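1. A predicted structure for the sequence below; I have some questions about it.
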Amino acid sequence: YKEKIELDLFENTRDLFDLDVDMVFWDTTSTYFEGRGPVELGRYGYSKDHRPDRIQVMIGVVMTRVGIPIAHEVFPGNTSDAATFRQIIAKVRQRFNLTRVIFVGDRGMVSKDILDDLDKDRIEYIVGMRMRKIKDVGAVLKTGGRYRTVKENLKVKEVWHDADRYIVCYNPVQAEYDKHARDEMARKLAEQLKSGGIKSLVGNRGYRKYLLLNKEAVVGIDHEAMQQEARFDGKYVLRTNTQMSTEEAALAYKDLWRVERAFRKMKSSLDLRPVFHWKDSRVRGHIMVCFLALVLESALQRKLVEKNIKVEYIYLLRDLQQLKAVELSIGDEKFLCRTELAGKAYEAFKALGIRPSLQIAEIKNRENGITNQNGHMSNSHHTPSLF
């Protein structure tokens, strides 16, 4: 029922929050398996968990600009990011009947061939470019022009190259950090070379690219390589075929952090990882449950913002977890008692516009049902939920 559930969720969410879905964000992550893993999905691949020794599965999430998940896809663990991006574009437009949508993806999501195909199909996009691996980016960075300030930590300029539109984004604070980190690396390299600790330098990829090497030994520090690296300080490059202003496109790309934050939640508080299932269907079910939990969390966060309730979300969840229901018996009578609302727990009820249940409610059995003192009835012998 995945397809139907996601479509219903999308329609309800769009109505509930009055969303204008003209931009969607796509990002992927991987999660690994304990044991042999599933037959179809379990594959060795590039591990974003830094566990290349484990079978894994790839997961992608589609989100709106305001951070509400609308769909997810599960891929075999050896699927490349570019392959997922190509598949999801056609699928999202068709499934959700979106007439116009701008796709936003991170570096590594696309190749030049994919972008050229999107241009031919007139599909709009904003994507980050690989800074050091795509030749056009080097030419773009060398192009002159004046930056315009969008925020204190974001300056942008538009560059056209071979009829393609690029946006160079510059963060002065990050540039200072990058320069300091490189200067510190040069200092450590000089100390190591002076003391003769060559082997440890050559084995470190971060150090090795700044060393001059010949067949016999290390010659010294490659200062020209360091100067070349300085071109990238505090910068990243976007490519887009939209009509959005340079400032709007840059800010839209920065919103991609919502998807990255969603993945962190799925892997931590929503218990996505590790996965102990080994049947493909159960793995998909496990991921689906985590996705639905993510939808609920994003909706609650959205309600908190709408009601201008300023509370740290992680602490709100912690306070809600302390809310318990206890069933007590006094003679033949049964009561359901809830604990006190701890900390900021009440703010969640306030955001959702619901009243906490009574602290004490009488439970009466009637024809295999349970009724509290307000007359509400459920077809269960178990303790009624607080929610």
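-> Alright, I've got the coordinates.
2. who touches stretch 264-279?
-> 29, 31-38, 42, 49, 57, 59, 283, 286-287, 290-291, 293-294, 297, 314, 317 (Cβ atoms under 8 Å, 6 or more residues apart in numbering). All C-beta spots, glycine's among them, are computed from the backbone N, C-alpha and C.
3. show me these that map onto helices.
-> Mapping the contacts of stretch 264-279 onto helices (DSSP state H) picks out 283, 286, 287, 290, 291, 293, 294, 297, 314, 317.
4. check the gap between the fourth one and residue 283 for me.
-> Just to be clear, that refers to residue 290. Separation of residue 290 from residue 283 (Cβ to Cβ, to the nearest Å) stands at 11 Å.
5. isn't residue 360 up against residue 335?
-> Yes. Counting by Cβ atoms under 8 Å, residue 360 touches residue 335, with 5.6 Å between them.
6. which SS class is residue 93?
-> Three-state assignment for residue 93 (DSSP: H, G, I helix; E, B strand; the rest coil): helix.
7. burial count for it?
-> 16 (other Cβ atoms under 10 Å).
8. contact partners for it?
-> residue 101.
9. could I get the pLDDT score of it?
-> For residue 93, the model assigns a pLDDT of 77.
10. name the helix or strand for the residue most central in space within the chain, please.
-> Here the mean C-alpha position of the chain is nearest to the C-alpha of residue 260 (Cα atoms, centre = their mean), at a distance of 2.1 Å. Assigned by DSSP states H and E, residue 260 belongs to helix 257-267.
11. help me confirm that residue 73 is found in a helix?
-> No. Read with three-state DSSP, residue 73 is strand and lies in no helix.
12. that one: neighbour count?
-> Neighbours around residue 73, by other Cβ under 10 Å: 19.
13. ok, it to residue 6 distance?
-> For residue 73, the distance to residue 6 - Cβ to Cβ - is 10 Å.
14. likewise residue 305?
-> Counting by Cβ to Cβ, the gap from residue 305 to residue 6 is 23 Å.
15. quick one on the thing from earlier: who has more neighbours out of residue 360 and residue 335?
-> Remark: of residue 360 and residue 335, residue 335 carries more neighbours, 16 against 12, as counted by other Cβ under 10 Å.
16. I'd say that one and residue 362 touch.
-> Yes. Applying Cβ under 8 Å as the test, residue 335 and residue 362 come out as touching, 5.5 Å apart.
17. mind listing the helices in the stretch 51-200 of the chain by residue range?
-> 81-95, 112-120, 135-142, 172-195, 198-202 (DSSP state H, counting those that start in this stretch).
18. between those helices, which gets nearest to residue 150?
-> helix 172-195 (12.1 Å; Cβ to Cβ).
19. the helix or strand hosting residue 364 pairs with which strands?
-> Residue 364 belongs to strand 360-366 when elements are defined using DSSP H and E. If you go by DSSP bridges, strand 360-366 pairs up with strand 333-338 (antiparallel), strand 369-371 (antiparallel).
20. comparing those by mean pLDDT, which bottoms out?
-> The bottom spot among those, by mean pLDDT, belongs to strand 369-371, with a mean of 47.
21. go ahead and produce CSV holding the CA coordinates of stretch 135-155.
-> Provided in CSV are the C-alpha atoms of stretch 135-155 (Å, rounded to 0.1, in the frame of the first residue of the first chain):
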residue,chain,number,x,y,z
LYS,A,135,36.1,20.8,-16.0
ASP,A,136,33.4,23.5,-16.5
VAL,A,137,33.5,24.4,-12.8
GLY,A,138,37.1,25.4,-13.1
ALA,A,139,36.3,27.7,-15.9
VAL,A,140,33.3,29.2,-14.0
LEU,A,141,35.4,30.0,-11.0
LYS,A,142,37.9,31.8,-13.2
THR,A,143,35.2,34.0,-14.6
GLY,A,144,35.2,37.5,-13.2
GLY,A,145,32.2,39.4,-11.8
ARG,A,146,31.0,41.1,-8.7
TYR,A,147,29.3,39.2,-5.9
ARG,A,148,25.9,40.3,-4.5
THR,A,149,25.3,39.9,-0.8
VAL,A,150,22.3,37.8,0.1
LYS,A,151,23.1,37.2,3.7
GLU,A,152,26.0,37.9,6.0
ASN,A,153,27.4,34.4,5.2
LEU,A,154,26.2,34.2,1.6
LYS,A,155,27.3,36.1,-1.5
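22. ok, and what's touching it?
-> For stretch 135-155, using Cβ under 8 Å, 6+ apart, the contacting residues are 112, 129-131, 156-159, 161-162, 164, 166, 168-174, 231-232, 235, 237, 246-247, 250-251, 254.
23. for PyMOL, write the selection for the buried entries among the residues you listed.
-> Buried residues within the contacts of stretch 135-155, by 16 or more other Cβ atoms under 10 Å, are selected in PyMOL with:
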select buried, resi 129+131+156+157+158+159+164+166+168+169+170+171+174+232+235+237+246+247+250+251
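24. please enumerate the strands of the stretch 1-150 of the chain.
-> For the stretch 1-150 of the chain, applying DSSP state E, counting those that start in this stretch gives strands covering 23-32, 56-64, 69-76, 102-105, 124-128, 148-151.
25. nearest to residue 187, of those strands?
-> Comparing the strands of the stretch 1-150 of the chain by Cβ to Cβ, strand 124-128 comes nearest, at 30.9 Å.
26. quick revisit: wait, the residue nearest to the centre of the chain sits on residue 27?
-> Yes. Contact criterion Cβ under 8 Å: residue 260 and residue 27 qualify, at 6.2 Å.
27. what is in contact with these two at once?
-> Shared contacts of residue 260 and residue 27 (Cβ under 8 Å, 6+ apart): residue 106.
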